[in-house]
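**Q** Quick one: sequence and predicted model below, then my questions.
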Amino acid sequence: MTTPDTDTYSAQDAPEFAPAQFVRWFREVAPYVHDFRGKTFVVAFGGELINDGALEPLVADLSLLSALGIRLVLVHGSRPQVNEQLRLKGFPIQFSRGVEPTGAEALECAKEAAGEIRLDIEAAFSQGLPNTPMSHAKIRVISGNFVTARPVGIIDGVDYKRTGTVRKLDVDAMRSIIGQGAIVLLSPLGFSPTGEAFNLAMEDLATSAAVALRAEKLIFLTQNRTITEQDGSVDTELARKDADELLAQDTLDEDTSAFLRHASLAIKRGVARAHLVPYTLDGSILLEIFTHDGVGTMVVEDTLEDLRPAVADDVGAIVQLIEPLEADGTLVPRGRAAIEREVERFTVLEHDGVIYGCVALIPYLDEGMVEMACLIVQQEWQGAGDGEMLLRHAESSARAMGARRLFVLTTRTSHWFIKRGFAQGGISDLPKGKQAHYNRSRNSLVFIKRL
């Protein structure tokens, strides 16, 4: 977890932290550990990761995830290794990102490459992980004939020969293995009931595995294929419908497009979260999983249809949300008349006609700031991520207004805002107009997030 003013370090170069900082960090990570224990993650990467020397750091991080009780299925690709085998044997064929025919000679190269990579992965998990946080850990990796494949066949007159696609997976066997704390390793090969081997796309295999296992996460580790904003910053969260619109624009490079298409497909078929994470950043998979914003792009189902601007008819429901928190001192009493006057500043969450959450934004744009107030989710709806949805909406809306900083005043929920990237400030950091109306008797804490 980093505050907006915190520099980013690699794990190798990070400075020593004071005990208090370590304790705070550990407490912030603990809820993620609790949430993900017993959940299934499918982690997939291409052969480029191995060529770039990133396998051993990844294995150390995956071993840590396994030790924390996360159930792992690892899917590797082998395209660059297959191409190298073909080149060495004098074949002119070279595989690119798309689906291409696999002849007999290419299939043999695919088998050789998959076998070598599988052995490299097993060896990396078997070496005791010296000089890592998982030193002496014993993590079992189990591979096998879990994948039944079928041929792609003939498309538009082109015979794709031994190029295949996933027909089914032995889900029961895989669940049994990961339930015992071992890691399932899938290579991009599948077999027909008659024993024929087929060359599979790593992305297709990983997506099929995540869907079949009802995985909590599908994580693609890429060279640097995240989705970026216009200013070059990483778009850390993308609704599936927005991902599909981006794909339809056909502006992404081939690799990013392939990863994003499969991430969207996984979400559409029931996977909770799909991620594009750059393996070129040390510890990126840990940063993506255990920090609020992460370092990659996460694709989620579009649930924003429940989020809308408040109208006059919503005032009664907003008052009902606010009154209990005013009564216990969490919020400053506003009164119905004040909410009626400022209703256009509110956004509400609605489901089946019931308003169960709200947030208000108060601009101080002369000083580049926006106040976020009345961030509320009804108690019985809490824990499903709706508060974070309202926060993301507030951040996005504040940016659209041209604000550079979002601030809140709170007496009860400072930990929640710290966990989500807010840094504590002081009264002097508030806009002048807000300082003039600051209620010193409440002694509210000030938290600010840079946008």
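**A** Here it is on my side, so go on. Since the structure is predicted, the reported quantities are computational estimates derived from the model, not experimental observations.

**Q** Any stretches of the stretch 51-200 of the chain with poor pLDDT?
**A** 128-137 (pLDDT under 70).

**Q** which SS state does Arg175 fall under?
**A** Three-state assignment for Arg175 (DSSP: H, G, I helix; E, B strand; the rest coil): helix.

**Q** Excluding residues flanking it in the chain, which one is nearest it?
**A** Leu213 (6.9 Å; C-beta to C-beta, 6 or more residues apart in numbering). The way it works is simple: take the backbone N, C-alpha and C, and place the C-beta from them, glycine included.

**Q** List the contacts of that neighbour.
**A** Residues in contact with Leu213 (C-beta atoms under 8 Å, 6 or more residues apart in numbering) are Thr40, Val42, Val73, Leu169, Val171, Met174, Arg175.

**Q** Keep only those of these that are in strands.
**A** Under the assignment DSSP state E, those contribute Thr40, Val42, Val73, Leu169 to strands.

**Q** Between the contacts of Leu213, which sits nearest Gly329?
**A** Minimum distance to Gly329 across these is 42.6 Å, recorded for Thr40 (C-beta to C-beta).

**Q** That closest one is in contact with Gly69, isn't it?
**A** No. Thr40 sits out of contact with Gly69 when judged by C-beta atoms under 8 Å, with a separation of 11.1 Å.

**Q** These two: which has the busier surroundings?
**A** A count of neighbours by other C-beta atoms under 10 Å puts Thr40 above the other of Thr40 and Gly69, at 23 against 13.

**Q** ok, the more buried one - contacts?
**A** Per C-beta under 8 Å, 6+ apart, neighbours of Thr40: Ile70, Arg71, Leu72, Val73, Ile178, Leu213, Arg214, Ala215, Glu216.

**Q** Nearest to Ala263, out of these: which one, please.
**A** The nearest one, if we look at the contacts of Thr40 relative to Ala263 and count by C-beta to C-beta, is Ala215, at 12.3 Å.

**Q** Correct me if wrong: that closest one contacts Ile70.
**A** No. Counting by C-beta under 8 Å, Ala215 stays clear of Ile70, with 10.6 Å between them.

**Q** Looking at the two, which is more packed in?
**A** Ala215 (26 against 21).

**Q** Skip the chain neighbours and tell me the closest residue to the more buried one.
**A** Thr40 (4.5 Å).

**Q** For Thr226, see how far away the nearest residue to Asp293 once chain neighbours are set aside is.
**A** In space, and not counting its chain neighbours, Asp293 is closest to Thr236: 5.1 Å by C-beta to C-beta, 6+ apart. In this structure, Thr236 and Thr226 are 9 Å apart, going by C-beta to C-beta, to the nearest Å.

**Q** overlap in contacts of these two?
**A** Common neighbours of Thr236 and Thr226 (criterion: C-beta under 8 Å, 6+ apart): Gly296, Thr297.

**Q** higher neighbour count, those two?
**A** The neighbour comparison of Thr236 against Thr226 (other C-beta under 10 Å) goes to Thr226, with 23 against 19.

**Q** wait, that one sits on Tyr279?
**A** No. Using C-beta under 8 Å, Thr226 is not in contact with Tyr279; the gap is 11.2 Å.

**Q** any weak-confidence spans in the stretch 351-451 of the chain?
**A** Judged by pLDDT under 70, the stretches of the stretch 351-451 of the chain that qualify are 352, 383-384.

**Q** again, only using 80
**A** 351-354, 380-385 (pLDDT under 80).

**Q** now the helices for it?
**A** 386-401, 414-419, 432-436 (DSSP state H, counting those that start in this stretch).

**Q** Tell me which of the ones you listed lies nearest to Ala20.
**A** helix 414-419 (13.1 Å).

**Q** For the closest one, name the packing helices and strands.
**A** Secondary-structure packing of helix 414-419 (3 or more C-beta pairs under 8 Å, 6 or more residues apart in numbering; DSSP states H and E): strand 445-450.
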